[in-house]
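In: okay, predicted coordinates and the sequence, questions at the end:
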Amino acid sequence: MYNQNCCEFIRVSVIAAICVGNIHNVAGKFGEDGCPIAREQIFRFIPACHTRSDRVRQSAQLRLQRPRARAPDRLFRLFWCLLPQCRLGIIVGGFADQVLIVPGDRESYTQVLMTPHFHIMNGAGNRFGIFDARGQADFALNPECVKKMAGPDSRIMGPKGADQIIVLRDPGTSGAHAFMEIWNREGFEVEACGNATRCSAWLYCGETGKTDMILETRAGLLKCSRIGKNRITVDMGSPRLEWDQVPLSEPMHTDYVDLKVGPIDDPVLSNPGAVGMGNPHCVFFVEDFQKVRPEQFGPMIECHPLFPEQVNVGFARIEAPDRIHLRVWERGVGMTLACGTGACAAVVAAVRQKRADRKATVVVDGGLLDMEWRQSDDHVIMTGPVELESPLQFSGNHQIL
């Protein structure tokens, strides 16, 4: 029915693009390697079919519904069957927001995502990729995709990668303006991130023109205020100081935790303060960062059995009663230029050990954070900078990995 010349032309084509009409429904919420797909917008990704049995099996997996455009769909089937040897793949396009990408190598998959607004930001150097998914309930991430997005070879985050990937969602609590979902670089969700809170609040205030907002997190509601062009104040709430609130794996006082690193009679590190700021922290006080290297001791302490949820490890040097130099090994991330909740924990731990005042400037590798542990209501108030590195707005489908 189709002449041989036509078949040969199709076989040697590098990319074939045809309209298949308004086709809906996807086989699953995630792609083959677990990357996010907006339901009813993106098809499941499948490897190239090299044999007839492959094509039959993959055709069954797709389970596409065809409310119309029968003829273009048959044409697509023809093109697909005639291209078993095509190694570069084909792109089959419908409407602008509906694309099926079929990679030509069965070992590789192309991730396409119907994305919301995306921003690359940092708070005092703590770097984030922020998806604004408000109004898109089906937008979802999973651990494998987060690892690829936050890694140093990420297409969108660049060589620096990200410390966290953030998703802003519609709030679930009355009075809140947005919900912040936080993913660490290693691909697991965490409850709180002070620097990401400031960045998210800055985006909302810039969008709405408001100076105040309430951000919902898994750790609770955080009141945020814009106090300058690029500065945000966040009420981080009261620190959690009971052993089972941090949490620790056994009962003990949290102002001086019975934990030593090194020889028993001459430990290198000892008696940190343990503080819960929605996530667990322990803070060691040191005199010299050259003698006590955070990148050496941080990973040892992060997974210590005393901390059932792992722990963020702070190394603080008191420079003056109102000035603390802090370096943080963050769980699931490693060394960071800044840690907002870590700065909160450092001030609280220092005050409890009578090393610093309740109001202090915390010097981190990426900048300065102004902290106050208010005596009036026990809340920790954090003020610091935000920076918008790269605003992106994806129109239609965009390859993100």
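Out: That came through, no problem. Residues are numbered from 1 along each chain as shown.
In: show me the shaky parts of the protein.
Out: 1-116, 391-401 (pLDDT under 70).
In: at 80 what do you get?
Out: Applying pLDDT under 80 to the chain flags the ranges 1-116, 153, 155, 391-401.
In: and it, what are its domains?
Out: What automatic domain parsing lists as the domains of the chain is 4-113, 115-237, 260-378.
In: state the distance spanning the first to the last residue of stretch 273-282.
Out: Distance across stretch 273-282, first residue to last, is 5 Å (CA to CA, to the nearest Å).
In: how about stretch 180-191?
Out: Terminal-residue distance, stretch 180-191 (CA to CA): 9 Å.
In: start and end of stretch 273-287, how far apart?
Out: One end of stretch 273-287 sits 16 Å from the other (CA to CA).
In: stretch 139-148 now?
Out: 17 Å.
In: same deal with stretch 211-228?
Out: 9 Å.
In: buried set for that stretch?
Out: Within stretch 211-228, the residues scored as buried using 16 or more other CB atoms under 10 Å are Met213, Ile214, Leu215, Glu216, Thr217, Ala219, Leu222, Lys223, Cys224, Ser225, Arg226. In short, each C-beta sits where N, CA and C put it, glycine included.
In: and the third one, what does it touch?
Out: The neighbours of Leu215, taking CB atoms under 8 Å, 6 or more residues apart in numbering as the test, are Ala176, His177, Ala178, Phe179, Met180, Thr197, Ser200, Ala201, Tyr204, Leu221, Leu222, Cys224.
In: now render those residues as CSV, adding distance to Pro294 and secondary structure.
Out: As requested, the contacts of Leu215 are exported to CSV (distance: CB to CB, whole Å; DSSP: H, G, I helix; E, B strand; the rest coil):
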residue, distance to Pro294, secondary structure
Ala176, 35, coil
His177, 36, coil
Ala178, 33, strand
Phe179, 32, strand
Met180, 27, strand
Thr197, 23, helix
Ser200, 27, helix
Ala201, 28, helix
Tyr204, 33, helix
Leu221, 32, strand
Leu222, 27, strand
Cys224, 29, strand
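In: now stretch 136-143: buried residues?
Out: Applying 16+ other CB under 10 Å to stretch 136-143 flags Gln136, Phe139, Ala140, Leu141, Asn142 as buried.
In: before we move on, the earlier item: now distance to Gly367 too, for the contacts of Leu215, in a markdown table please.
Out: Listed next are these as a markdown table, based on distance: CB to CB, whole Å:
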| residue | distance to Gly367 |
| --- | --- |
| Ala176 | 28 |
| His177 | 26 |
| Ala178 | 24 |
| Phe179 | 27 |
| Met180 | 21 |
| Thr197 | 16 |
| Ser200 | 18 |
| Ala201 | 17 |
| Tyr204 | 22 |
| Leu221 | 26 |
| Leu222 | 20 |
| Cys224 | 18 |
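In: residue ranges for the strands of the stretch 51-200 of the chain, please.
Out: 90-93, 99-102, 112-114, 117-123, 126-132, 164-169, 178-184, 189-190 (DSSP state E, counting those that start in this stretch).
In: sweet, I'm off.
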